[in-house]
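Visitor: Sequence and predicted structure, then a few things I'm wondering about:
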Amino acid sequence: MPIESTETFITTIPSAVLPDLDGQHIALDDYCRNSLSIVFFSCNHCPYVQWIEQEVARLSQLNSAVRWIAICSNDVDNYPEDDIIGLKSQVERAGWDFPYLVDSDQRVAHLFGAVCTPDFFVFDAAGLLVYRGALDQSRPNSDLPVNGEYLIQAIAAAERCAPYSGGRPSMGCGIKWTE
């Protein structure tokens, strides 16, 4: 999927500050500065996220020089399992060791143009968007392996400071908007 064909509103890592699950505020652009970075929209209740969360943990451990950030933007009034307690449970279950941020006013999801969970955004060390899309071609209960192939190829492209035109659009549960 070429970058030009996405509905992404951003081409660089935005200046945005969000709290993590412990209430510590993290500035996206500062955290990702001069590093290849992956920002992905996630939540606890989505079966598409649950399907890939172990692979995300594996890839984040294999690519420890990459700055990983998960963001949950879901409406927690109607989806309480996506509130902080549920997200902390997910982090433990999935084995994630990177920041998980809470976008309670959904401003950052709108800024990114995020539409579903999971939705991955890969940025090179200059902070330029290299890829936006799916982790790989697998889907819940499919016969296709969860192997992170699109993200692995996007990371390699980001290391070369080149766009990644492979992959496919993200598919999953729509972000649960408050409006």
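Guide: Great, that's in hand.
Visitor: Spatially, what comes nearest to Val76 if we skip its sequence neighbours?
Guide: Excluding the flanking residues, the one nearest Val76 by C-beta to C-beta, 6 or more residues apart in numbering is Asp83, at 4.2 Å. (C-beta placed from N, C-alpha, C; glycine too.)
Visitor: Pull the number of nearby residues for that neighbour.
Guide: Per other C-beta atoms under 10 Å, the neighbour tally for Asp83 reads 16.
Visitor: Over to it: give its phi and psi.
Guide: phi -80, psi 180 (degrees, to the nearest 10).
Visitor: So which bits of stretch 83-94 are buried?
Guide: 83-84, 86-87, 90-91, 94 (16 or more other C-beta atoms under 10 Å).
Visitor: Touching, the residue nearest to Val76 and Gln90? I think so.
Guide: No - in this structure, Asp83 is not within contact of Gln90 by C-beta atoms under 8 Å, at 11.1 Å.
Visitor: for this structure, which helix is longest?
Guide: helix 47-62 (DSSP state H).
Visitor: strands paired with the next helix or strand after that one, and their directions?
Guide: Next along the chain after helix 47-62, taking DSSP states H and E as the criterion, comes strand 67-72. Here strand 67-72 is paired, per DSSP bridges, with strand 37-41 (parallel), strand 100-102 (parallel).
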